[in-house]
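>>> Sharing a model that was predicted from the sequence below.
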Amino acid sequence: MRKNKLKIVLLGSLPKGDNARKTFMDWKLEYIEKIQKKIPEAIFIHGDLISDKEGSEVVVGHDLWLIKHADIVIVHAISKIGAGTAQEMVIAKIFKKPVISVIPKDTHHRKSNIVFHETLIKDWIHPFLDVSSDAVVQNIDEVIVWIKKYMRGSLKVKDFSVFDKTIQSFEKKLPKAYTEYIKK
């Protein structure tokens, strides 16, 4: 982590095209305002400095540069996130960056009291978002609490090996399914 400044990258859905941007309520503004009040050393980087007109390679390179050079990644997943945000979360783990995902209960990626195959799950979080996140919180206030703990050095951050661990977990916890796949 940097000595004086804490670089935070904000990830989440952005409007696609000029017409969509006209009615866009920029969620990043609230995050920046609230975090800076409690963590004055925080500075923010996000994808609004370039446009998709630059082409796919430059857009992806830009976004990955932001993640690589950030100290913390915050994902706004209050509504459905897109393919880019989901991939950026995985790439953040390659770069060993902490990922905090804001996913309130009873939203697209988090459901209360949902039943899968006759089993009740009281607080279901989309598995890929859950595994890719170092913390899943409900609001910006919980983000601030997590960041302060992280700054004190009291939290461990997942790296890309978290995905290898999920494979090992599958093989161990579901040996029957694992064996069936091996046979094929």
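Received, thanks. Numbers count the residues shown, from 1 in each chain.

>>> can you tell me how far residue 140 sits from residue 63?
Residue 140 sits 22 Å away from residue 63, going by Cβ to Cβ, to the nearest Å. Placement of C-beta: from N, CA and C, glycine included.

>>> An error on my part: the question was meant for residue 79.
19 Å.

>>> Show me the beta-bridge partners of the residue most central in space within the chain.
Residue closest to the average C-alpha location in the chain (Cα atoms, centre = their mean): residue 75, at 3.9 Å. With DSSP bridges as the criterion, the beta-bridge partners of residue 75 are residue 11, residue 101.

>>> what's it in contact with, if anything?
11, 12, 81, 85, 88, 89, 99, 100, 101, 102, 129, 133 (Cβ atoms under 8 Å, 6 or more residues apart in numbering).

>>> what do you get for residue 125?
103, 109, 110, 136.

>>> what's across from the last one in the sheet?
Put plainly, it is residue 136. residue 101.

>>> What about it, how many residues nearby?
23 (other Cβ atoms under 10 Å).

>>> mind listing what it touches?
For residue 136, the contacting residues are 101, 103, 110, 125, 129, 130, by Cβ under 8 Å, 6+ apart.

>>> Let's see that with 10 Å instead.
75, 77, 99-104, 109-110, 123, 125-126, 129-130, 142, 146 (Cβ atoms under 10 Å, 6 or more residues apart in numbering).

>>> What segments of this structure are strands?
For the chain, the strands defined by DSSP state E cover 6-12, 42-45, 72-76, 99-102, 110-116, 119-125, 135-137.

>>> could these go into JSON lines alongside distance to residue 52 and mean pLDDT?
Converted to JSON lines, the strands of the chain look like this (distance: least, Cβ to Cβ, whole Å; pLDDT from 0 to 100):
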{"stretch": "strand 6-12", "distance to residue 52": "16", "mean pLDDT": "94"}
{"stretch": "strand 42-45", "distance to residue 52": "18", "mean pLDDT": "94"}
{"stretch": "strand 72-76", "distance to residue 52": "19", "mean pLDDT": "97"}
{"stretch": "strand 99-102", "distance to residue 52": "24", "mean pLDDT": "98"}
{"stretch": "strand 110-116", "distance to residue 52": "29", "mean pLDDT": "95"}
{"stretch": "strand 119-125", "distance to residue 52": "30", "mean pLDDT": "96"}
{"stretch": "strand 135-137", "distance to residue 52": "29", "mean pLDDT": "98"}
